[in-house]
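[1] I would like the atomic coordinates for the input below:
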Amino acid sequence: MPNFFENLDPETAEEIDQLSRLAYELRENRNAVLGPYGAEDEAALLQRIQDGAVAEHPAYEHYLSTRILADTRETVREVLRERLKEVNRIS
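    Model prediction:
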């Protein structure tokens with residue numbers, strides 16, 4: 001199996017690596033916040049709050065945090081997609 005980073009210049013390889021790690025960390029942190037509530041995503045947590053299954057505070061703050069984490073992760077993934085497109089055009 002060829003090394004994905006083999007034909008990339010070091011700066012590009014480092015940038016792609018950092019973006020990938022950041023997306024992973026954002027996902028894992030989001031999951032860590034959702035986990036104690038037994039919610040699979042932000043909508044499920046919000047529903048649990050609205051249903052009274054969990055206390056509003058700090059659950060709502062955690063809901064907002066997971067929205068920020070998810071939105072940031074999606075932004076990072078889009079940047080990564082665009083960067084990979086650029087790399088594939090060049091190589």
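[2] neighbours of Asn3, how many?
    A count of nearby residues for Asn3, using other CB atoms under 10 Å, gives 8. All C-beta atoms are positioned from the backbone trio N, CA, C, and that covers glycine.
[3] what about it, which SS state?
    Following DSSP: H, G, I helix; E, B strand; the rest coil, Asn3 is assigned to coil.
[4] how near is it to Ala13?
    For Asn3, the distance to Ala13 equals 10 Å [CB to CB, to the nearest Å].
[5] quick one: end-to-end distance for stretch 24-42.
    17 Å (CA to CA, to the nearest Å).
[6] ok, residues contacting that stretch?
    Contact with stretch 24-42 is made by 44-45, 48, 54, 59, 62-63, 65-67, 69-70, 72-73, 76, as judged by CB atoms under 8 Å, 6 or more residues apart in numbering.
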